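Novice: for reference, the sequence and a predicted model appear below.
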Amino acid sequence: MSPLLHADGLHRCPWPGQDPFYVAYHDDEWGVPEYDDRALYEKLMLDGFQAGLSWITILRKRENFRKAFDGFEPEKIARYTPKKIERLMQDAGIVRNRSKIEGAIKSARGYLEAMEKGPGFSELLWDFLDGSPKVNHFKSRRQIPVDTPVSKAMSKELASRGFKFVGPTIVYAFMQATGMVNDHLVDCYRHAPLANTKKK
């Protein structure tokens with residue numbers, strides 16, 4: 001699929017359709033380079049919860065997730081007890097999947113270890129791209145891969161550190177969303193501004 005022309009005269013990637021909520025996410029967040037450690041952890045966890053579901057489903061529940069998971073503070077999540085897990089399993093505002101909830105807790109512990117004993121979470125991830133976004137020039141959604149050698153390497157590293165739900169496809173979606181790769185189609189109005197993003 002090629003970019004869609006919207007009523008405001010702008011061409012956008014086709015995946016948000018005409019949904020105003022989804023279009024705002026496409027315009028303001030998707031593909032914008034994110035370097036904040038905790039924000040990256042939150043996005044990776046949400047991508048893990050997405051597994052088997054559509055991203056718009058997770059996006060609409062994002063505020064519920066933030067409330068249920070203490071603002072995605074890894075220090076708090078790492079200490080969740082079985083009692084807290086049971087409370088989360090009763091929370092209709094999130095995705096009630098026990099393995100994903102338990103995975104978020106294990107991932108929080110992996111995050112804390114990376115922060116305490118390593119280069120920090122953001123640097124750990126961005127080092128796979130030498131610190132700068134990879135700019136792609138796809139004309140059609142069909143050209144966009146579901147994973148890459150870099151997402152496979154990042155997935156392997158995260159899994160070795162105890163992170164869960166970090167397969168290569170999930171990691172590539174995470175890389176797209178956090179601007180590690182610019183996968184806006186070349187005719188999308190967001191491609192060019194993000195292609196000029198400089199290394200932090």
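Specialist: Arrived safely.
Novice: now find how far off-centre stretch 50-65 is within its chain.
Specialist: Relative to the centre of its chain, stretch 50-65 is centred 11 Å away, using CA atoms, centre = their mean, to the nearest Å.
Novice: what sits up against the host helix or strand of Arg109?
Specialist: Using DSSP states H and E, Arg109 sits within helix 98-117. With contact meaning CB atoms under 8 Å, 6 or more residues apart in numbering, helix 98-117 is reached by 37, 41, 44-45, 48-49, 51, 69, 74-75, 77-78, 80, 85, 88-89, 120-121, 124, 158, 161-166. From N, CA and C alone the C-beta is placed, and that goes for glycine too.
Novice: which residues touch Tyr80?
Specialist: Tyr80 neighbours (CB under 8 Å, 6+ apart): Ile105.
Novice: can you read off the backbone torsions of it?
Specialist: phi -60, psi 140 (degrees, to the nearest 10).
Novice: check the residue nearest the centre of the chain and give its pLDDT.
Specialist: The centroid of the chain falls nearest to Phe174 when counting by CA atoms, centre = their mean (3.3 Å). Phe174 carries a pLDDT score of 98 in this model.
Novice: run a quick neighbour tally on Ile58.
Specialist: Residues lying near Ile58 (other CB atoms under 10 Å) number 18.
Novice: then stretch 117-133 to CSV, C-alphas only?
Specialist: Taking C-alpha atoms only, stretch 117-133 is exported to CSV below (Å, rounded to 0.1, in the frame of the first residue of the first chain):
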residue,chain,number,x,y,z
LYS,A,117,26.0,-2.8,35.7
GLY,A,118,26.0,-1.7,32.1
PRO,A,119,26.0,1.3,29.8
GLY,A,120,22.3,2.1,30.5
PHE,A,121,19.3,0.8,28.6
SER,A,122,19.2,3.5,25.9
GLU,A,123,22.9,3.2,25.1
LEU,A,124,22.7,-0.6,25.1
LEU,A,125,20.0,-0.5,22.4
TRP,A,126,21.2,2.5,20.3
ASP,A,127,24.7,1.0,20.1
PHE,A,128,23.3,-1.5,17.7
LEU,A,129,22.8,1.4,15.3
ASP,A,130,25.9,3.4,16.3
GLY,A,131,23.6,5.9,18.0
SER,A,132,21.9,7.2,14.9
PRO,A,133,18.6,6.2,13.2
